[in-house]
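> quick one: sequence plus predicted model below, questions after.
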Amino acid sequence: MTKHGKRHIWNIHPSAGAKSAVAYTFASLFSKGLAFVTVPIFTRIMSTSEMGTVNLYNSWQAILTVIATLSLTYGGYMVALKEYEHERDRYESSVLTLTTFSSLVFFAVYSVAPDFWSRILGLDKSLILLMLVGFLLLPATEFWLARQRYEYKYKAATLVTIGSAILASALSVLAVLYMRESGRTAEGRLFANYAVLYVVALVLWIYIMVRGRKFIVMRYWKFSLALSVPLIANQFATQILNNSGRVMIGWFVDNSAVGIYGTLSSVSTVSAIVWSAINSSFIPFLYRNIDDSEGKKRVRSLSSFLLLSYAAMCVLITFLAPEVVKIIATDEYMAAIYIMPPISAAIFQNAISNMYSNVLLYHKKSSYIMIASICGAVLNIVLNAILIPLFGYQAAAYSMLIAFVFLSYVQMRISRKLHFTITKTRETVYDDKIIIAIQWLMIVLSAIAIPLYRFTVARYVAAFVLMVASLFFYMRIRKSI
């Protein structure tokens with residue numbers, strides 16, 4: 001419903017949504033997949049310690065971006081695009097001004113004690129400055145891409161995403177090759193990669209500001225902050241769940257262990273690239289179908305189908321992990337291959353959490369997302385603090401799995417109860433029983449992969465059976481949908 005009480009009529013042809021979903025999925029897979037494809041080059045040129053520095057940088061950037069940008073680039077932005085349908089240009093430039101101010105405050109805080117922050121983060125000052133520039137510029141790219149996706153305008157966004165990914169990857173490889181004798185390949189790789197992304201972001205920053213020409217509009221700021229402030233804690237907690245393992249491995253072990261853990265976990269997180277694209281395209285579909293019974297039926301069918309397909313992908317990657325690691329890394333990484341099943345299973349739990357947090361965000365109940373995420377993050381930190389010193393860096397994978405299972409159940413329960421209360425019905429958005437069944441089937445199958453890593457033939461047979469079963473269920477579910 002709009003603020004005038006009239007239901008908005010969407011006149012976008014269904015094929016436009018389908019084309020947009022395919023284009024964005026392909027662009028996301030290509031750009032992030034390209035970064036994954038270059039891993040074999042980096043693991044053979046860079047030491048595990050240098051790889052650890054890169055992983056540590058990326059982890060801290062993911063965690064701190066949430067605070068530095070006030071979480072304005074996350075889910076609340078999509079809600080605002082619907083709320084301010086005829087004022088999007090002005091809204092966009094205004095919130096970009098807000099993220100600019102917040103990033104400058106972040107820079108000022110760092111400037112007071114740069115040595116202190118360098119010790120805490122375990123990073124060189126030059127890398128922290130690189131990160132701070134990103135806090136200033138990268139929100140422009142996020143805002144622009146989110147709006148393009150929401151409006152089903154995919155051609156320019158696809159071109160920008162793929163083009164910048166190719167150039168950034170190429171320059172990163174060249175920088176590492178050029179600086180391999182200097183012992184600073186981590187810095188060279190990071191500066192080369194982000195230089196490309198920052199140039200694109202700067203152009204988009206200027207474009208958004210010139211197009212909107214509104215910089216401080218308090219009603220836009222109040223609306224956005226009302227949604228984003230609770231999400232700061234939520235997204236910060238989410239990033240803690242995703243990245244605290246690497247950070248705490250750096251504290252309790254060393255950067256070399258961070259490099260091994262981070263590189264192998266990147267194999268499992270390939271599937272997260274797919275899910276990110278799927279979820280981004282699923283959100284508009286959910287929001288347009290959640291208000292009526294027939295729409296909810298479509299949502300239940302599609303959500304179960306997406307999760308089952310994604311579960312099959314995660315399990316398949318887990319079964320084929322030894323072959324993937326042999327391709328992307330050297331022998332020193334193979335000893336840690338057993339962390340991949342729990343990491344893959346944890347990533348799938350995050351997909352379930354995303355499904356239910358989408359519903360909470362639609363009802364503007366982001367504070368509940370925050371509470372659940374904080375509880376999960378605290379659990380993860382506590383488990384890491386206990387288990388890593390006792391069992392080594394591999395324990396971080398199991399800590400993450402336990403925390404994400406806990407989070408998925410909390411999100412599910414809260415979302416269900418609030419939806420019933422708000423809609424005054426007992427009609428669920430998703431088929432919870434099917435989702436729980438998929439959840440535990442995925443965990444069990446991932447665990448089965450662990451003993452099979454020593455038996456190649458048996459593992460190949462199991463992977464083949466999984467592929468056939470997935471295809472069978474895909475056809476059945478597709479037909480029912």
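On my side now, so go ahead.
> helix or strand for residue 118, which one?
helix 114-121 (DSSP states H and E).
> report the mean confidence score over that helix.
In this model, helix 114-121 has an average pLDDT of 87.
> contacts for that helix?
56, 60, 110, 124-125, 128 (CB atoms under 8 Å, 6 or more residues apart in numbering). In this view, the C-beta of every residue, glycine as well, is placed from N, C-alpha and C.
> cutoff 7 Å now
Applying CB atoms under 7 Å, 6 or more residues apart in numbering, the external contacts of helix 114-121 come out as 60, 110, 124-125, 128.
> pLDDT-wise, what's the bottom of these?
Lowest in pLDDT among the contacts of helix 114-121 is residue 124, which has 85.
> measure the residue lying closest to residue 123 once chain neighbours are set aside to residue 187 for me?
Distance criterion CB to CB, 6 or more residues apart in numbering; nearest residue to residue 123, sequence neighbours excluded, is residue 57 at 6.0 Å. Remark: distance between residue 57 and residue 187 (CB to CB, to the nearest Å) = 9 Å.
> what is in contact with the two at once?
In contact with both residue 57 and residue 187: residue 127, using CB under 7 Å, 6+ apart.
> tell me how many other residues crowd the residue nearest to residue 123.
23 (other CB atoms under 10 Å).
> how big is the angle separating the strand or helix carrying it from helix 114-121?
Residue 57 belongs to helix 48-68 when elements are defined using DSSP H and E. If you take axes from the mean of the first three to the mean of the last three CA atoms, to 10 degrees, helix 48-68 sits at 110 degrees to helix 114-121.
> what packs against helix 48-68?
Applying 3 or more CB pairs under 7 Å, 6 or more residues apart in numbering; DSSP states H and E, we find helix 48-68 packed against helix 88-112, helix 125-150, helix 185-212, helix 218-252, helix 255-268.
> include distance to residue 445 when you put those helices into TSV, please.
Output for the helices and strands packed on helix 48-68, formatted as TSV (distance: least, CB to CB, whole Å):
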stretch	distance to residue 445
helix 88-112	41
helix 125-150	32
helix 185-212	35
helix 218-252	22
helix 255-268	14
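> thinking again about what came up before, what about burial for the contacts of helix 114-121, which qualify?
Buried members of the contacts of helix 114-121, counted by 16 or more other CB atoms under 10 Å: 60, 110, 124, 128.
> now do the second one against residue 189, distance only.
Computed with CB to CB, the distance linking residue 110 and residue 189 is 22 Å.
> for the last one, same thing?
The span separating residue 128 from residue 189 equals 16 Å under the rule CB to CB.
> same question, residue 370
The gap separating residue 370 from residue 189 is 34 Å, by CB to CB.
> give me the more crowded residue out of the two.
Neighbours were counted for residue 370 and for residue 189 using other CB under 10 Å; residue 189 has more, 26 against 22.
> that one and residue 298, how far apart?
Residue 189 is 45 Å from residue 298, by CB to CB.
> for residue 330, same thing?
48 Å.
> where does the stretch 351-481 of the chain have low pLDDT?
473-481 (pLDDT under 70).
> burial of the nearest residue to residue 270 once chain neighbours are set aside, as a residue count?
Spatial nearest neighbour of residue 270, excluding adjacent residues (CB to CB, 6+ apart): residue 36 at 5.8 Å. Using other CB under 10 Å, residue 36 has 17 neighbouring residues.
> correct me, but residue 36 touches residue 271?
No - using CB atoms under 7 Å, residue 36 is not in contact with residue 271; the gap is 11.1 Å.
> and which of the buried ones among the contacts of helix 114-121 is nearest residue 102?
Comparing the buried ones among the contacts of helix 114-121 against residue 102 with CB to CB places residue 110 closest, at 13.1 Å.
> count of residues packed around the nearest residue in space to the closest one that is not next to it in sequence?
Distances taken as CB to CB, 6+ apart place residue 117 nearest to residue 110, at 5.5 Å, with adjacent residues excluded. Close neighbours of residue 117, defined as other CB under 10 Å, add up to 15.
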